[in-house]
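[1] here is my input; please provide its structure:
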Amino acid sequence: MKPTSEITAGHAVLETVIGFMAIAWNEKGLIRLCLPERSREAVERRLFRHPGVSTSTDQPQ
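    Numbering: from 1, shown residues only. The predicted model follows:
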C-alpha cells in the first residue's frame, strides 16, 4: 500500500444499485463526479472527457 501522500491522481468506478458511478481526484482533492450510467464503459467514457482526469488505476487502500 502506498502512503496517501504518494498518490497524486486517480479514479474509481463504483457499482451501485442504480448503475455505475465514478469519481476522480488529484493532489488537491475531488475533481470529477459522474452520476450513475448503465455500464462501466459509459461512465468511464464520460469521466475521461474531463481533461484533468488521470487514467491511473492507483487507488488508496
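
[2] could you find the closest non-adjacent residue to V43?
    Closest residue to V43 apart from its sequence neighbours, by CB to CB, 6 or more residues apart in numbering: E37 at 4.1 Å. C-beta here means a position set from N, CA and C on the backbone, and glycine is covered the same way.

[3] ok, now S39?
    Using CB to CB, 6+ apart, the closest residue to S39 is F20 (6.4 Å).

[4] beta partners for the one you found?
    With DSSP bridges as the criterion, F20 is bridged to E15, E37.

[5] check contacts around it.
    Applying CB atoms under 8 Å, 6 or more residues apart in numbering to F20 gives the contacts V13, L14, P36, E37, R38, S39, R40, A42, V43.

[6] return the members of the residues you listed classed as buried.
    V13, E37, V43 (16 or more other CB atoms under 10 Å).

[7] how many neighbours does M21 have?
    By other CB atoms under 10 Å, the residues close to M21 number 17.

[8] who's in contact with the residue nearest to it when sequence neighbours are not counted?
    What sits nearest to M21 in space, not counting adjacent residues and going by CB to CB, 6+ apart, is P36, at 4.8 Å. Going by CB under 8 Å, 6+ apart, P36 touches T16, I18, G19, F20, M21, V43.
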